[in-house]
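Chemist: Next input, structure requested:
(3 chains)
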Amino acid sequence: MVEAQLAVRDLHGWYGESHVLHGMSFDVYAGEVVTLLGRNGAGKTSTMRAVMGMLPKRQGSVHFEGKELIRLKSDRIARQGLAYCPEERGIFASLNVRENLVLPPKVKDGGLSIEQIYVLFPNLKERGNSQGTKLSGGEQQMLAIARILRTGAKLLLLDEPTEGLAPVIVQQIGNTIRKLREQGFTILLVEQNFRFAGTVADRHYVVEHGKVVDMIPNSAIERNGEKLKSYLGV
Amino acid sequence: MFELIGVPPQALFAQLLLGLINGAFYSLLSLGLAVIFGLMNVINFAHGAQYMMGAFCAWMLLNYLGVPYWGALVLSPLVIGLFGILLERVLISRLYDVDHLYGLLLTFGLALIIEGLFRKQYGSSGLPYANPIPGGANLGFMFLPWYRAWVVAFSLFVCLGTWFVVEKTQLGSYLRAATERPELVQAFGINVPRMITLTYGFGVGLAALGGVLAAPIYSVNPVMGANLIIVVFAVVVIGGMGSIMGSIVTGFGLGVIEGFTKVFYPEASNTVIFVIMAVVLMVRPQGLYGTPR
Amino acid sequence: MSMSRNWRTLGIAAMVLLGLGAPLVIYPVFLMNVLCFALFACAFNLLIGYVGLLSFGHAMFFGFASYLCAHGVKEWGWDPLVGIAAGTAVAVALGVIAGAIAIRRQGIYFAMVTLALAQMVYFFCLQARFTGGEDGIQGVPRRHILGLLDIANDLILYYVVLVIFAAGFLLVYRTIHSPFGQVLKAIRENETRAMSLGYAVDRFKLIAFVLSAGLSGLAGATKAIVFQLASLTDVSWQMSGEVVLMTLLGGMGTIFGPVIGAALIVSMQNYLASLDEWVVVIQGVIFVAAVLLFRRGIVGETIVLLARRCQRQAAGLEGSIVVESAALDRRLTSVAP
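Modeler: Residues are numbered from 1 along each chain as shown, chains lettered A, B, ... in the order given. The predicted structure is shown next:
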């Protein structure tokens, strides 16, 4: 049996006093695109932040390529080869586009070169000297994804990359994710939009109340449409 | 010789130079404060004490170890910067999760301790420090002492160097990004706590460098930093701590304004910066270069 | 609620008894010194403890009022009470000006702005003719109050000062427990929300600032009469720092904390006066220790300790002090930018 690249077991997490993750368990295999689906406040973003070591208090086990991450600080976790693209994109206003792009340090060999990134996202090349936050929402999202491709990280954690974007931009992002998959990246995706998720992912974990309640392979997503609708409350 | 509004030009240029010197110290100190504040949200009240320690360190290096001024110019900021790093690691870092006012109170307490200890040991009358480059040039309209010219030029160089590092290098982009969202920068694989520690050390080192530069001009005195730091706070409020270049421009500019006030209305020279602060607060509360929030 | 009220009544009763009886055993001038600083600290606490504004320039009100009172009584032959009233009035006026400028910034900036404004007042006092420069105003006569009370007698003056302190303390107490005080607390907890509820936040802050400034002036003017002296010390930044220390040590946002903090610091200065420079060092050490080890101050930490014990004894019965002190703790320990 192949060992999962990322194996999360019984992950608990807290923001201050409030207990937000109640024993998340899931696997992501190398080269897969896997989504965490769920309603607002189900604990999807918290799961990503917990994996990245950004929750102040967490318990359980996060194995990445056989190494335990739960006790590492987030900069050490990133250096193992995980990269995080936050929900609000996290583009820095005091940095221009190019500075934003080259901000994350290289953590492993094998990341994309700047040229390869510009092939994927031609807009960014033209806007290199603009202030990061002057870009449109879609461009900011592209930039947020682009900058973590340079680092050599193998596992990308993308938190709702389609949120608040126009359908045509959402399509572009879908294309990008499929291309990244072809290039060998593993991707963990947080989504609320299961129709979009169905166009890019291999498997879907459904999250409720800080726990995984179901796993649906993409091939079965049509059959489970009604069930998913009730999970997501749409 | 011509006269300007009844003021002899010698006096005017002498005060302009003095203003630039003061401005150099305002800039060096407010720059350090701004960099520290940006990353740590702590106003370093001990900044004046650390400036004083820089001057004393130079004095001790000379009188106990025979290290000349030029050696002290490098060593003193390093030693005092390391002391700052120790302070940050042992004490200040415990306060990042609580209200920022506690950082102010803690560093105020540290300033009292440091200044009290130095006063206990060295009295408050001040110790002389010989001018390393005596002499000067007669420019016709004024006499320019070499050392003072050196202080202005070197401070400007250090300030602009800091600006360059922060605004134009990769290290600087880490710093700017971490000022905005430290937790995200850390999740990119950068050891932000270590960066904070080093930044504090750097800011403290800048203050100490100011102290070394000041030693041959003013006497080395345990209270030399205490009054200066309050003026620097006003400078920082006027500038707004939003931009590095803003700190530099505000520092030198206010030094010059203060110098001119000494010529035209000496009674107000001590208070002019505070008056400007009050006016700026009424017109533009976030400061000249600050962003409203 | 009733439990915390009981504690408060007990505290006030103890203070009244202590205040009345203390001069029988303790040197009255020392006690008057404590009372002046206790009033000063209570006035300061009104801002930091109940509005969340840290002023680092309160010496400007304390010191300037003391100058005006001393000058009026000495040079213009004022009745001491007129001097004290005039000192208070000028502190109020200064408070309006300084407050209007300072409340335009919050948090750390507010502290820096007040510090700088106070330094401006300091330089004014250093240069102005009526203040006597480095010497200050010495030998302020202790004239009969209203031609009747002979305050040259320390004991009589002590009771006058006690009445002034009690009046000031009660004013602070009433303010905190009035609807106005509730709004102040709401502003401290969450300024944006208070604003969205329709409160003119800046006006509330300014009124609190002016009240605090006036009471600081009352304390400073009274001190000028007691010591027959007004000097630069009282208007210096060190004095601003001292009142912060007293309040921090006793407990910010507690009723009795500032009084206890003032008593401790004044006693320390009194008994360690011979060590001169060390006093400053010790003050610095107390600052550092208080910030790192007992942020709620002596009274605040005691309240929490007692409340925890009560909770353990009668689980489920949560005293309002717990809530109140926890709320303060939250504000002072969790405000993020």
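Chemist: which residues of the stretch 51-200 of chain C fall in helices?
Modeler: Under the criterion DSSP state H, counting those that start in this stretch, helices of the stretch 51-200 of chain C are mapped to C:59-75, C:80-102, C:107-127, C:154-176, C:179-189, C:191-196.
Chemist: Show me which residues of the first one are buried.
Modeler: In other words, helix C:59-75. Residues of helix C:59-75 classed as buried by neighbour count (16 or more other C-beta atoms under 10 Å in any protein chain shown): C:59-74. Quick note: C-beta positions are derived from backbone N, CA and C, even for glycine.
Chemist: Please report how far the residue in the stretch 51-200 of chain B that chain A sits nearest to lies from A:Arg150.
Modeler: Checking the stretch 51-200 of chain B residue by residue against chain A with C-beta to the nearest C-beta singles out B:Gly189 as nearest, at 3.5 Å. With distances taken as C-beta to C-beta, to the nearest Å, B:Gly189 is found 12 Å from A:Arg150.
Chemist: quick one on the thing from earlier: closest to B:Trp150 out of the helices of the stretch 51-200 of chain C?
Modeler: When those are compared by C-beta to C-beta, helix C:107-127 sits nearest B:Trp150, at 29.8 Å.
Chemist: quick check: mean pLDDT across the closest one?
Modeler: Confidence for helix C:107-127, expressed as mean pLDDT, is 92.
Chemist: Stretch B:81-92 too?
Modeler: For stretch B:81-92, mean pLDDT rounds to 96.
Chemist: mind listing what's buried in that stretch?
Modeler: With burial defined by 16+ other C-beta under 10 Å, the residues of stretch B:81-92 counted as buried are B:81, B:83-85, B:87-89, B:91-92.
Chemist: hmm, it in reach of chain C?
Modeler: Yes: under the criterion of C-beta under 8 Å from any C-beta of the partner chain, chain C is reached by stretch B:81-92 at B:Leu91.
Chemist: Off-centre distance for that stretch?
Modeler: Here stretch B:81-92 is found 18 Å from its chain centre; the criterion is C-alpha atoms, centre = their mean, to the nearest Å.
Chemist: With stretch B:200-211 instead?
Modeler: 8 Å.
Chemist: Just the CA trace of it, in PDB.
Modeler: This file holds the C-alpha atoms of stretch B:200-211, laid out as PDB (Å, rounded to 0.1, in the frame of the first residue of the first chain):
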ATOM      1  CA  TYR B 200      15.200  45.100  17.800                       C
ATOM      2  CA  GLY B 201      19.000  44.600  18.100                       C
ATOM      3  CA  PHE B 202      19.500  46.700  14.900                       C
ATOM      4  CA  GLY B 203      17.200  49.500  16.200                       C
ATOM      5  CA  VAL B 204      19.100  49.600  19.500                       C
ATOM      6  CA  GLY B 205      22.400  49.500  17.600                       C
ATOM      7  CA  LEU B 206      21.300  52.600  15.600                       C
ATOM      8  CA  ALA B 207      20.500  54.400  18.900                       C
ATOM      9  CA  ALA B 208      24.000  53.400  20.200                       C
ATOM     10  CA  LEU B 209      25.600  54.600  17.000                       C
ATOM     11  CA  GLY B 210      23.900  58.000  17.600                       C
ATOM     12  CA  GLY B 211      25.300  57.900  21.100                       C
END
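Chemist: Okay, now the unreliable bits of chain A?
Modeler: Scanning chain A for pLDDT under 70 picks out the ranges A:1, A:234.
Chemist: Counting neighbours, what do you get for the one residue in it that gets nearest to chain C?
Modeler: Taking C-beta to the nearest C-beta as the measure, chain A has A:Gly16 as its residue closest to chain C, at 8.4 Å. Burial of A:Gly16, expressed as a neighbour count using other C-beta atoms under 10 Å in any protein chain shown, amounts to 9.
Chemist: ok, the residue nearest to it when sequence neighbours are not counted - how many residues close by?
Modeler: Excluding the flanking residues, the one nearest A:Gly16 by C-beta to C-beta, 6 or more residues apart in numbering or on different chains is A:Pro56, at 7.4 Å. A count of nearby residues for A:Pro56, using other C-beta under 10 Å, gives 12.
Chemist: One more: B:Tyr96?
Modeler: Number of residues near B:Tyr96 (other C-beta under 10 Å) recorded here: 15.
Chemist: Would you mind measuring from it to chain C?
Modeler: For B:Tyr96, the distance to chain C equals 10 Å [C-beta to the nearest C-beta, to the nearest Å].
Chemist: Check what pLDDT that residue gets.
Modeler: pLDDT for B:Tyr96: 87.
Chemist: cool, and the one 3 residues further on?
Modeler: We have a pLDDT of 87 for B:Asp99.
Chemist: How about C:Leu332?
Modeler: At C:Leu332, the pLDDT value in this model is 48.
Chemist: got it, and C:Gly139?
Modeler: The score at C:Gly139 is 89. That number is its pLDDT.
Chemist: go on, C:Ala327?
Modeler: Predicted confidence (pLDDT) at C:Ala327: the value is 47.
Chemist: Could you do C:Ile26 as well?
Modeler: 89.
Chemist: And for B:Lys262?
Modeler: With respect to pLDDT, B:Lys262 scores 89.
Chemist: State the pLDDT value of the nearest residue to it once chain neighbours are set aside.
Modeler: With sequence-adjacent residues excluded and distances taken as C-beta to C-beta, 6+ apart, B:Lys262 is closest to B:Ser269, at 4.3 Å. At B:Ser269, the model reports a pLDDT of 88.
Chemist: Neighbours of A:Val102, how many?
Modeler: One way to gauge burial is a neighbour count; for A:Val102, by other C-beta under 10 Å, it gives 16.
Chemist: C:Leu126 now?
Modeler: The criterion is other C-beta under 10 Å. On that basis, C:Leu126 has 15 neighbouring residues.
Chemist: How about the residues of the stretch 1-150 of chain B by chain A?
Modeler: Contact residues of the stretch 1-150 of chain B with respect to chain A, defined by C-beta under 8 Å from any C-beta, are absent.
Chemist: Farthest-apart pair in the buried residues of stretch B:81-92, please.
Modeler: Distance extremes for the buried residues of stretch B:81-92: the farthest pair is B:Gly81 and B:Leu91 at 15.9 Å, using C-beta to C-beta.
Chemist: Could you list the residues in contact with stretch B:250-262?
Modeler: Contact with stretch B:250-262 is made by B:12, B:15-31, B:156, B:159, B:235, B:238-239, B:268-269, B:272-273, B:276, B:288-289, as judged by C-beta atoms under 8 Å, 6 or more residues apart in numbering or on different chains.
Chemist: Would you check that C:Leu229 makes contact with C:Ala70?
Modeler: Yes: between C:Leu229 and C:Ala70 there is a contact at 7.0 Å, judged by C-beta atoms under 8 Å.
Chemist: Which neighbours do these two have in common?
Modeler: C:136-137, C:140.
Chemist: Reformat these as TSV; add distance to C:Gly257 and neighbour count.
Modeler: As requested, those are arranged in TSV below (distance: C-beta to C-beta, whole Å; neighbours: other C-beta atoms under 10 Å in any protein chain shown):
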residue	distance to C:Gly257	neighbour count
C:Gly136	30	21
C:Ile137	32	22
C:Val140	31	24
